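> Model the structure of this input:
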Amino acid sequence: MVKNITIWSYLGPFLDTKEYLHLADISKRLNKPHPTVRNYLNLFEEEGILIKETKGRLSLYKINPNSPILVDYLVLAEKEKLIIQCKNDLLMKEIVFFLHKSLNQDNKALIFGSAVINLKKANDVDILITGRLSFGDKIKEFEKKFNKKIHLINLKNLNMISESLRTEIIKKHLLIQGSEEIIKWLI
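Next up, the predicted model:
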């Protein structure tokens, strides 16, 4: 089976780090040959999205936090990541659907932690939502229906999140709602 990959997917490895990544590591994560990956990364460098550093024969890349269009590119990459996750995991698709229909327009929401990597093996699903919630008991119903514990963190805004939780979120996350604002907060 051919794995479909779009240009936005090439930013995927950068979504969970601010550090430089080696071309070989990026190729391995994407399961694509070095020359193909290099072409796309060089395109992102020309666009100002990535910064390239060469050390000897090593090509290292990282996100350019000063790019005026970085957030736009990352929103596309994050949305594609979410869509792929939902296609591959029906329970994740149900969780995302539940959140989309239950959240207010002003809420920002993301799933983080072990459930992002493997929902079946995860003990619970860590969900962070900012703003007022209006779906109280529906969470309990959802937990019973799908036999999966939801660990909900509800805060007034993103700035109330501790630095250690922010670090954990950066490593493993799926953005559900408010992607642009969350990305700005993450970078």
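> Any idea how many residues pack against L186?
19 (other CB atoms under 10 Å). Bear in mind the C-beta positions are built from the backbone N, C-alpha and C, glycine included.
> is it true that it touches I169?
Yes: the criterion here is CB atoms under 8 Å, and L186 meets it with I169 at 7.3 Å.
> what ranges do the strands span in this structure?
Secondary structure of the chain (DSSP state E): strands located at 21-22, 50-55, 58-63, 108-112, 124-130, 149-155, 173-177.
> Let's have the ones you listed in CSV, adding mean neighbour count and distance to C86.
Listed next are the strands of the chain as CSV, based on neighbours: other CB atoms under 10 Å; distance: least, CB to CB, whole Å:
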stretch, mean neighbour count, distance to C86
strand 21-22, 16, 26
strand 50-55, 14, 27
strand 58-63, 18, 25
strand 108-112, 23, 11
strand 124-130, 21, 14
strand 149-155, 14, 17
strand 173-177, 22, 9
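> Need the CA coordinates for the lengthiest helix in the chain. PDB is fine.
Counting residues, the longest helix found in the chain (DSSP state H) is helix 70-88. This file holds the C-alpha atoms of helix 70-88, laid out as PDB (Å, rounded to 0.1, in the frame of the first residue of the first chain):
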ATOM      1  CA  LEU A  70       5.400  29.700  10.100                       C
ATOM      2  CA  VAL A  71       2.100  29.400  12.100                       C
ATOM      3  CA  ASP A  72       0.100  29.000   8.800                       C
ATOM      4  CA  TYR A  73       2.400  26.100   7.700                       C
ATOM      5  CA  LEU A  74       2.300  24.500  11.100                       C
ATOM      6  CA  VAL A  75      -1.500  24.700  11.300                       C
ATOM      7  CA  LEU A  76      -1.700  22.800   8.000                       C
ATOM      8  CA  ALA A  77       0.800  20.200   9.200                       C
ATOM      9  CA  GLU A  78      -1.100  19.800  12.500                       C
ATOM     10  CA  LYS A  79      -4.500  19.400  10.800                       C
ATOM     11  CA  GLU A  80      -3.100  16.800   8.500                       C
ATOM     12  CA  LYS A  81      -1.600  14.900  11.500                       C
ATOM     13  CA  LEU A  82      -5.000  15.000  13.200                       C
ATOM     14  CA  ILE A  83      -6.800  13.700  10.000                       C
ATOM     15  CA  ILE A  84      -4.300  10.900   9.600                       C
ATOM     16  CA  GLN A  85      -4.700   9.900  13.300                       C
ATOM     17  CA  CYS A  86      -8.500   9.800  13.000                       C
ATOM     18  CA  LYS A  87      -8.300   7.700   9.800                       C
ATOM     19  CA  ASN A  88      -6.000   5.200  11.500                       C
END
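> Return the residue spatially closest to N154, with its sequence-adjacent residues excluded.
I129 (5.2 Å; CB to CB, 6 or more residues apart in numbering).
> list the contacts for the one you found?
Neighbouring residues of I129 by CB atoms under 8 Å, 6 or more residues apart in numbering: 99, 103, 107-109, 152-155.
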